[in-house]
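Novice: Using only what follows, build the 3D model:
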Amino acid sequence: MTMGPGWYLRRLSRMGPQEVGGRVGDAVRRRRWRSAVPDCPPVTDARFTAVLPAGTVAAVPPDAAKRLVAEADRLMDGHAEFFGEVRDDLAAPDWWRDPRTGRRAPAGYAFDVPYRSEDAVGDIKQIWELSRHQYLTVLAAAYAVTGNERYAERVAEHLRSWWAANPPLRGVHWISGIELGIRLLSWVWVRRLLDGWPGATGLFEENPVALHQIWHHQRWLAAFPSRGSSANNHVVAEAAGQFAAACAFGWFPSSTRWRSAALRSLERHLRANTFPSGLNRELATEYHGLVLELGLAAVAEADAAAVPVPASVRLVLLRMTDALAAVVDNRLRPPRQGDADDGHGLVLDGAGTDRWGSLLATGDAVFGRLPWWPVVTGTDVRTPLLAALVRPYARNAGADEGGVTRPADRPAHFADAGLTVLRGPEEIWCRCDGGPHGFLSIAAHAHADALSVEVRHDGVDVLADPGTFCYHGQPEWRQYFRSTPGHNTLQVDGGDQSVSGGPFLWTRHARSRVLVADTSEEGVARWSAEHDGYRPSVHRRRVELTAATRELRIVDELRGPRRAVRLAFHLGPAVTADLTGNRAALTWTRDDADRSAVLDLPGGLVWSAHRGESDPPLGWYSAGFGRKEPATTLVGTGFAGGAQELTTVLRFRG
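Specialist: Take a look at the predicted model:
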């Protein structure tokens, strides 16, 4: 999609004077940098010392190593999948080609590339993802585990190819700071994992091309930080990558300055991006995972280089880890809230490794698990490698290093984030959303999902959050997956609760507040909240989960004048629905066992079932970025207002 003048005006309206001034400075700097690219300063006596401690690789569990090697072998054969696109060209990839559209990004000065235009560039996410070089960290890890030099040789071949094809400031890979930051972090780990390979020094510290690339990546990040209304997960990735490189590749005259500035930025923005409760302020769960991974990787580099880190950095990461442990369901799946683009901070594992279990395992190794944490049974490669670099953390009587007591019991209500989890018998899990619309003035990764609910039974999505699917190039799908009718909540007069000004821009934010949050797991758990997105009316919702009857009751009220409403309930892709009138019989299978529930829908509305419709989109579920599949959505239409209540009851059967 191409942004017109209206978008730029709306975007400008969400900036403050300091941000505007900073962006004017960025524009001037981009114009100045168009001239000759400076050479990397001379580097003498470059040595890589941030190696893994002896015996670390031997601690990798055999099953995790087996998955890693299997993934590496697929990559060696040229096979991979990114965002639903199966690729067979990874033996010798074209770094600028989008496999989904077949288009190739244009050459030229980086800041002239119209990367938001799919017609001109292709799907920018597809192009950028491969060049994060996280598949190279997988190959390098396979070398470290097996000692087989063919993995190392492929890594070296691809790095040399990439460096040759992407000189500084030329082309699509020099546009976005998050891409440069994550790529630097990948290079640090590639060098670390290849340390036993005879060609490692010739690839990195003795290679003028590598030094030139590393220096220019850090120069770029120092010059163009994400700022103001864009200072979300992107700025954390930029700071983490810059800090990691300045620690591990601290060979340049500016390395000390870059390291200090990056650490200040990382500390500031980790705090700014995280609620005191530990949840990510973007209210987008996958970005919680991304920021946590980046923060842990940055601390590992600090400890490996003996660089002191403010206690606040570890404290934020500890709270994020405890918060993650608190919100996952019994299968270690977190909420599917807000945007999700399958972004990772550091990838060292093969397919089949559970991301969230891996993060909790790393949290256990670094901080220590609390008694109420869920049990992690899976294994991974990343945890023993990352934890080997991190210094031991204080674990005194449940207190964190700053003397703040960690939760004695599993939190269920996060007041600052407005997220509440109700739990019932037989692993019933219900996430209720009564929090802020999103983070910063543009709330870039927010969805119009106020008061939505997400319900699972033993890890199976019953009432599902449909997900994200895409960012660029398919505006009708981007709009659907972030819209109010794309969530389990009430739509009024055909509009969204919050007003969108673009694919990553909200110009008016619905304001929500939680009224009741009684999260008892015995008896009846209750939650109630309201939002003002449909002024002058107020949408209020009550949710009750009764343990004895395994019944979930949802009551919606539209307080104000009578208006047209549309109430949607999105079912998970595993759930089949048989709708008769206002009752839906739901069935699904879990671990070869048949499960069922009855969904009694408000009788005052006219109900219909939709599945896999495209004009307009309705009845879809996106399990991951770039992927979608048909799923049933139940839609009730009619009118509501005044004292009328719309009551929905979900009863789980034995």
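
Novice: Next SSE downstream of the longest helix anywhere in the chain?
Specialist: For the chain, the helix with the greatest residue count under DSSP state H is helix 285-304. Moving toward the C-terminus from helix 285-304, the next helix or strand (DSSP states H and E) is helix 311-327.

Novice: hmm, back to that, next, the angle from the longest helix of the chain to helix 311-327.
Specialist: 140 degrees (axes from the mean of the first three to the mean of the last three C-alpha atoms, to 10 degrees).

Novice: Alpha carbons of helix 285-304, in PDB - could you do that?
Specialist: Extracted C-alpha coordinates of helix 285-304, given in PDB (Å, rounded to 0.1, in the frame of the first residue of the first chain):
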ATOM      1  CA  THR A 285       1.500 -10.800  23.200                       C
ATOM      2  CA  GLU A 286       4.000 -11.800  20.500                       C
ATOM      3  CA  TYR A 287       5.800  -8.500  21.000                       C
ATOM      4  CA  HIS A 288       6.000  -9.300  24.700                       C
ATOM      5  CA  GLY A 289       7.900 -12.400  23.600                       C
ATOM      6  CA  LEU A 290      10.100 -10.500  21.200                       C
ATOM      7  CA  VAL A 291      11.000  -7.800  23.700                       C
ATOM      8  CA  LEU A 292      11.700 -10.400  26.400                       C
ATOM      9  CA  GLU A 293      14.000 -12.400  24.000                       C
ATOM     10  CA  LEU A 294      15.800  -9.300  23.000                       C
ATOM     11  CA  GLY A 295      16.300  -8.100  26.500                       C
ATOM     12  CA  LEU A 296      17.600 -11.500  27.700                       C
ATOM     13  CA  ALA A 297      20.000 -11.600  24.700                       C
ATOM     14  CA  ALA A 298      21.300  -8.100  25.500                       C
ATOM     15  CA  VAL A 299      21.900  -9.000  29.200                       C
ATOM     16  CA  ALA A 300      23.800 -12.100  28.100                       C
ATOM     17  CA  GLU A 301      26.100 -10.000  25.900                       C
ATOM     18  CA  ALA A 302      26.700  -7.600  28.800                       C
ATOM     19  CA  ASP A 303      27.600 -10.400  31.200                       C
ATOM     20  CA  ALA A 304      29.800 -12.000  28.600                       C
END
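
Novice: does Leu359 really touch Met320, like I thought?
Specialist: No: between Leu359 and Met320 there is no contact under C-beta atoms under 8 Å: 9.3 Å. All C-beta atoms are positioned from the backbone trio N, CA, C, and that covers glycine.

Novice: Overlap in contacts, those two.
Specialist: Counting by C-beta atoms under 8 Å, 6 or more residues apart in numbering, the shared contacts of Leu359 and Met320 are Leu292.

Novice: any weak-confidence spans in the protein?
Specialist: Applying pLDDT under 70 to the chain flags the ranges 1-2, 394-404, 654.

Novice: Stretch 557-572: which residues count as buried?
Specialist: Within stretch 557-572, the residues that count as buried by 16 or more other C-beta atoms under 10 Å are Glu557, Leu558, Arg559, Gly560, Val565, Arg566, Leu567, Ala568, Phe569, His570, Leu571, Gly572.

Novice: do the same with stretch 107-127
Specialist: 110-111, 113, 115-118, 121-127.

Novice: can you map out the helices along the stretch 201-350 of the chain?
Specialist: Assigned by DSSP state H, counting those that start in this stretch, the helices in the stretch 201-350 of the chain fall at 208-223, 233-248, 255-272, 285-304, 311-327.

Novice: now those helices in JSON lines, with mean neighbour count and distance to Cys470?
Specialist: Formatted as JSON lines, the helices of the stretch 201-350 of the chain follow (neighbours: other C-beta atoms under 10 Å; distance: least, C-beta to C-beta, whole Å):
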{"stretch": "helix 208-223", "mean neighbour count": "20", "distance to Cys470": "27"}
{"stretch": "helix 233-248", "mean neighbour count": "28", "distance to Cys470": "18"}
{"stretch": "helix 255-272", "mean neighbour count": "19", "distance to Cys470": "27"}
{"stretch": "helix 285-304", "mean neighbour count": "25", "distance to Cys470": "14"}
{"stretch": "helix 311-327", "mean neighbour count": "22", "distance to Cys470": "25"}
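
Novice: Return stretch 508-528 as PDB; C-alpha atoms alone will do.
Specialist: The C-alpha coordinates for stretch 508-528 follow below in PDB (Å, rounded to 0.1, in the frame of the first residue of the first chain):
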ATOM      1  CA  ARG A 508      -9.000   7.900  18.300                       C
ATOM      2  CA  HIS A 509      -8.600   5.300  21.000                       C
ATOM      3  CA  ALA A 510     -11.500   3.800  22.900                       C
ATOM      4  CA  ARG A 511     -11.100   4.200  26.700                       C
ATOM      5  CA  SER A 512     -11.800   1.100  28.800                       C
ATOM      6  CA  ARG A 513     -11.900   0.500  32.500                       C
ATOM      7  CA  VAL A 514     -12.400  -2.700  34.500                       C
ATOM      8  CA  LEU A 515     -15.200  -2.500  37.100                       C
ATOM      9  CA  VAL A 516     -14.900  -5.900  38.700                       C
ATOM     10  CA  ALA A 517     -12.200  -8.600  38.700                       C
ATOM     11  CA  ASP A 518     -12.800 -11.400  41.000                       C
ATOM     12  CA  THR A 519     -10.600 -14.200  39.800                       C
ATOM     13  CA  SER A 520     -11.400 -17.000  42.300                       C
ATOM     14  CA  GLU A 521     -11.000 -20.400  40.700                       C
ATOM     15  CA  GLU A 522     -13.600 -21.900  43.100                       C
ATOM     16  CA  GLY A 523     -17.300 -20.900  43.000                       C
ATOM     17  CA  VAL A 524     -17.900 -18.000  40.500                       C
ATOM     18  CA  ALA A 525     -15.200 -15.900  39.000                       C
ATOM     19  CA  ARG A 526     -16.500 -12.500  37.800                       C
ATOM     20  CA  TRP A 527     -15.200  -9.700  35.600                       C
ATOM     21  CA  SER A 528     -16.900  -6.600  34.300                       C
END
